[in-house]
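A.B. asks: just a sequence and a predicted model for now, questions to come.
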Amino acid sequence: MPDTPGKNAIEVRGVRKVFGTGEAQVAALDTVSVSIRENEFFTLLGPSGCGKTTLLRLIAGFDFPSEGEILLYGSDIAPLPPFKRPVNTVFQSYALFPHMTVAENIGFGLEMLGKPRAEIDARVAEMLKLVRMEKLAKRRTSQISGGQQQRVALARALAPQPKVLLLDEPLSALDYKLRKEMQIELKRLQHETGITFIFVTHDQEEALTMSDRIAVMSSGKILQVGSAREIYDRPAVRFVADFIGETNFLDASIDSIDGGKAKVTLKSGATISATVADGFKPDGDATVVIRPEHAKAVKGKGDISGLVENVVYFGTDTHVHVRLDDGEAFTVRQQNTRGAMVEFERGERVGIVLGDDAAQILKD
């Protein structure tokens, strides 16, 4: 999806959610604001207890905000109960009726809405085709696999044609291979239906592979919103850089800044160039972040240097763990290209060459 402004499906404005009273009071969400675009696959990503599921529940109507507004296409839905919101939720447990068939589960919500039988049957047939379950329509959900149950739960949630579909870690119970397959399936369903998906997960890889945009959360706050590439390549703060993928952190001092570039000196005395985020004016001491794949280990001089402590082969790539001259640990991840691999031994002295824009200065 192009990263251009469009109509907002959901707007969260200054929302706080407080549980408990007095000294036991806990702010699960601390003045959160975010806009989610129409027809977007938007992911709330963060560790357990960061507030992502609380935010999802507020959008669904299962909880109400202590402060702030939640708008659906410009209308405030915060006071509305769940059944009056054009929003559906897919839970971790799927919550299917085991005594009903696949088709009956999919049509259940439409029956509760009082839709005519002919309309229900037509919609169920459409949903069965969408999730590729036509041949299992008459089978009970207790007689199908976990991945198939997940498809039924999705079909049931999509059947009433909600404006927004909320997904609370729906893939967490699946094994790794099936989870990867369902990631592709979910993205296909979102693309084909055109419905806004809001997906909650703590799995960074899941978020990166599926999302149009990601909101990284911690301690009840949204720290950064952006595309997968923006979040990974240009993390705004240390927590985001540390939570998303593997990262090298180096202590440095600022020598000079010219536009969006800075010259910094590391503890070893080596001087390197680092990118500075827009609107950030660091001075004095700073933290520099470098992704392992944005560096290269070489037999000779580099921008920085050290001794090899360990070499780990992962099949597609090799991780070279280096102890830098200043004592800091540094990992280089190099792709294993047939015929072009360079072997390193423990204790060997190596240089590390940094790619263009490899280093970035972070806000702590």
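C.D. replies: Perfect, thanks for sending it. Numbers count the residues shown, from 1 in each chain.

A.B. asks: for Gln334, give its distance to Val288.
C.D. replies: 20 Å (CB to CB, to the nearest Å). No exception for glycine: its C-beta is placed from N, CA and C like everyone else's.

A.B. asks: and the helix or strand containing His191, average pLDDT?
C.D. replies: Taking DSSP states H and E as the definition, His191 sits inside helix 176-193. The average pLDDT for helix 176-193 rounds to 88.

A.B. asks: what comes up buried for it?
C.D. replies: Of the residues in helix 176-193, 178-179, 182-183, 185-187, 189-190, 193 count as buried by neighbour count, 16 or more other CB atoms under 10 Å.

A.B. asks: OK, contacts around Ala270?
C.D. replies: With contact taken as CB atoms under 8 Å, 6 or more residues apart in numbering, Ala270 is in contact with 303-305, 325.

A.B. asks: 10 Å instead, please
C.D. replies: Under the criterion of CB atoms under 10 Å, 6 or more residues apart in numbering, the neighbours of Ala270 are 250, 252, 264, 302-305, 324-326, 352.

A.B. asks: next, it: phi, psi?
C.D. replies: Ala270 adopts backbone torsions of phi -70, psi 140, taken as degrees, to the nearest 10.

A.B. asks: can you check Thr89 too?
C.D. replies: Per-residue torsions, Thr89: phi -130, psi 140 (degrees, to the nearest 10).

A.B. asks: could you find the closest non-adjacent residue to it?
C.D. replies: Leu166 (4.4 Å; CB to CB, 6 or more residues apart in numbering).

A.B. asks: in the sheet, who's paired with that neighbour?
C.D. replies: Counting by DSSP bridges, Leu166 is bridged to Thr89, Ile198.

A.B. asks: wait, it touches Leu154, no?
C.D. replies: No - using CB atoms under 10 Å, Leu166 is not in contact with Leu154; the gap is 11.7 Å.

A.B. asks: find residues that contact each of those two.
C.D. replies: Counting by CB under 10 Å, 6+ apart, the residues touching both Leu166 and Leu154 are 88, 90.

A.B. asks: which parts of this protein are helices?
C.D. replies: Secondary structure of the chain (DSSP state H): helices at 52-60, 102-112, 117-130, 146-158, 176-193, 204-210, 228-233, 238-243.

A.B. asks: and these as TSV, adding distance to Ala297?
C.D. replies: TSV is the format used below for these (distance: least, CB to CB, whole Å):
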stretch	distance to Ala297
helix 52-60	37
helix 102-112	53
helix 117-130	48
helix 146-158	41
helix 176-193	30
helix 204-210	25
helix 228-233	21
helix 238-243	21
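
A.B. asks: could you check how many residues crowd around Glu38?
C.D. replies: Taking other CB atoms under 10 Å as the criterion, the count of residues near Glu38 is 15.

A.B. asks: what sits closest to Glu246 if chain neighbours are left out?
C.D. replies: In space, Glu246 is closest to Pro292, 5.3 Å off (CB to CB, 6+ apart).

A.B. asks: how about Gly226, what does it touch?
C.D. replies: Gly226 touches 3, 211, 213-216, 232-236, 240, counting by CB under 10 Å, 6+ apart.

A.B. asks: so what pLDDT did it get?
C.D. replies: For Gly226, the predicted pLDDT is 96.

A.B. asks: now swap in Leu130 and tell me
C.D. replies: We note a pLDDT of 89 for Leu130 in this prediction.

A.B. asks: how close does it sit to Gly107?
C.D. replies: Separation of Leu130 from Gly107 (CB to CB) stands at 14 Å.

A.B. asks: any residues in contact with both of the two?
C.D. replies: Shared contacts of Leu130 and Gly107 (CB under 10 Å, 6+ apart): 155, 159.

A.B. asks: okay, the two: which has more neighbours?
C.D. replies: Using other CB under 10 Å as the criterion, Leu130 and Gly107 rank with Gly107 on top: 24 against 18.

A.B. asks: wouldn't that one be in contact with Asp121 here?
C.D. replies: Yes - between Gly107 and Asp121 a contact is recorded at 7.6 Å, counting by CB under 10 Å.

A.B. asks: shared neighbours, those two?
C.D. replies: By CB under 10 Å, 6+ apart, the residues touching both Gly107 and Asp121 are Lys115.

A.B. asks: from Lys363, how far out is the most centrally placed residue in the chain?
C.D. replies: With distances taken as CA atoms, centre = their mean, the residue of the chain nearest its centroid is Ala207 (3.1 Å). Ala207 sits 21 Å away from Lys363, going by CB to CB.

A.B. asks: Gly68 now?
C.D. replies: Where Lys363 is concerned, Gly68 sits at a distance of 25 Å (CB to CB).

A.B. asks: do Gly14 as well
C.D. replies: Note on Gly14: its distance to Lys363, by CB to CB, is 22 Å.

A.B. asks: out of those two, which sits in the more crowded spot?
C.D. replies: Each of Gly14 and Lys363 has its neighbours counted (other CB under 10 Å); Lys363 has more, 15 against 11.
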